[in-house]
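>>> A predicted structure for the sequence below; I have some questions about it.
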Amino acid sequence: MKTLNPSPSSLSSVFGVKSSSHRAASRAGMVSYCLHNPNSGHLRAGWQSSCAILASKVASSQQQEHGKGGSLDATAAVNGMDTMDLVPIEIAHANLPKALTIADLSPSPAHGASLRVAYQGVPGAYSEAAAGKAYPSCEAIPCDQFEIAFQAVELWIADRAVLPVENSLGGSIHRNYDLLLRHRLHIVGEVQLPVHHCLLALPGVRKEFLTRVISHPQALSQCEHTLTKLGLNVAREGVSDTAGAAEYIAANKLQTTGAIASARAAELYGLNVLADGIQDDLSNVTRFVMLAREPIIPRVDRPFKTSIVFAHEKGTSVLFKVLSAFAFRNINLTKIESRPHLNRPIRVVDDANVGTAKHFEYMFYIDFEASMAEVRAQNALAEVQEFTSFLRVLGSYPMDMTPWSPSRAE
Ligand SMILES: O=C(O)C(=O)Cc1ccccc1
């Protein structure tokens, strides 16, 4: 399976076609109908032909605008077809616009089926398992960076991105919080995945032979004590994902390197499991959020969570007031996290008598147990907005309520 990656060549091959068709469709004013087909693979052909019609309409209107030599970039948008390829389609359909159906208006593909879900890593990564838990029959799309997974959704290559945000042992994955803020995607769901780590190596390799262990930094920190107990006081190196570590060892036939990854990664890359369940705590759980271009409509018929981020130019003093807005309404907070303010990490306060104080500035991330469809949540946020200089709702989404089974997992 091909991993989406950011090298210039693959970016142009992976993103170029659809982003230009996106542009073409946008110019035709129909981007959401053309690109938002909720159906499966075979209807992607339908997607292409409606884009072809749009593209040829845009091209012909460009030709009207610019004379015969007008730009044909819209026609090139359709998977490398040239102008000649489009002509029969244009003749056949130009005067017969296709009626919109209810399916064209639905905000996202039907639950799970044929949903394309981008995740960071290669097959066998826990994020792939999280995608499968959230959307059981989805098509999981591996990406070599989170940034690419976000862009895949933004550019309509994927419908969802899966992002690990915190772990019961390793804590928050800070960089991913920063990504939530840098991008404009919405949290539409969460999944809590019990994570069961294995120590993997090439067949025939014993753990005494290992001189280093590689994995995702979270996985390394989740297994730190167990590795030491196993006598593995060896170098530990962070890589971008757990399954990628396994793949790397297999591809390079590394006899003295072990990986921490899932049993599925061992199977996929032909490695042996030297030790099973090496996380320091059996109840090792990672929380992932699902991201989409559009928010979902919040409901009140099942437990919902809402995630927000806020800041105030006067610093942390606002925090008490914000927390009280939730406390007075009996709204539970499930998470609070602070991160350095991206654009303004330091606030300088000059005092002629005593000198210059340098305060760190923070963004605060809060998850609370209520749906934005509830009046108490709306009132709490209206109050929070009065106290803060920046407030964004990252999403209001159903809580993961699956039964707790910490011992056996991915
Ligand atoms: O590297 C992976 O497999 C991931 O999906 C990230 C991760 C790493 C460790 C625990 C949970 C998720």
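Received it, and whenever you're ready, just let me know what you need.

>>> Contact residues of the stretch 151-300 of the chain facing the ligand?
164, 167, 195, 216, 218, 219, 241, 242, 243, 286 (C-beta under 6 Å from any ligand atom). (Glycine included, C-beta is placed from N, CA and C.)

>>> now with 8 Å?
164, 167, 170, 173, 193, 195, 197, 215-216, 218-219, 222, 240-244, 261-262, 265, 284, 286, 288 (C-beta under 8 Å from any ligand atom).

>>> for stretch 264-279, what is the average pLDDT?
Mean pLDDT, computed over stretch 264-279, is 97.

>>> CA-only coordinates of it in CSV, if you can.
This file holds the C-alpha atoms of stretch 264-279, laid out as CSV (Å, rounded to 0.1, in the frame of the first residue of the first chain):
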residue,chain,number,x,y,z
ARG,A,264,-0.3,-7.3,13.8
ALA,A,265,2.9,-5.4,12.7
ALA,A,266,4.9,-8.5,13.5
GLU,A,267,2.6,-10.5,11.2
LEU,A,268,2.7,-8.0,8.4
TYR,A,269,6.5,-7.5,8.4
GLY,A,270,7.5,-11.1,9.2
LEU,A,271,9.0,-10.4,12.6
ASN,A,272,9.0,-12.6,15.7
VAL,A,273,7.4,-11.6,19.0
LEU,A,274,10.1,-11.8,21.7
ALA,A,275,7.9,-10.4,24.5
ASP,A,276,4.2,-9.8,24.6
GLY,A,277,2.3,-7.2,26.6
ILE,A,278,5.4,-5.1,27.5
GLN,A,279,3.5,-1.9,28.4
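
>>> thinking again about what came up before, mind checking which of the residues of the stretch 151-300 of the chain next to the ligand land in helices?
218, 219, 222, 242, 243, 244, 265 (DSSP state H).

>>> What residue in the stretch 251-400 of the chain comes nearest to the ligand?
Across the stretch 251-400 of the chain, no residue is closer to the ligand than residue 286, which sits at 3.9 Å (C-beta to the nearest ligand atom).

>>> Which strand residues bridge that residue?
Residue 286 has these beta-bridge partners by DSSP bridges: residue 167, residue 193.

>>> Now do the contacts for the residue lying farthest from the centre of the chain.
For the chain, the C-alpha farthest from the mean C-alpha position belongs to residue 353; by C-alpha atoms, centre = their mean, that distance is 49.2 Å. Taking C-beta atoms under 8 Å, 6 or more residues apart in numbering, we find residue 353 in contact with no residue.

>>> Double-check that it belongs to a helix.
No: going by DSSP: H, G, I helix; E, B strand; the rest coil, the assignment for residue 353 is coil, not a helix.

>>> For the protein, give me the ranges with low pLDDT.
1-94, 102-113, 315, 344-347, 358-359, 406-410 (pLDDT under 70).

>>> Apply 50 and report the result again.
Applying pLDDT under 50 to the chain picks out residues 7-91, 112, 409.

>>> Tell me how it divides into domains.
The record, using the TED database to delimit domains, assigns the chain the ranges 114-194+284-294, 197-283, 298-398.

>>> Pick the most deeply packed of these.
Counting by mean count of other C-beta atoms under 10 Å, domain 114-194+284-294 has the highest mean neighbour count of these, with a mean of 22.
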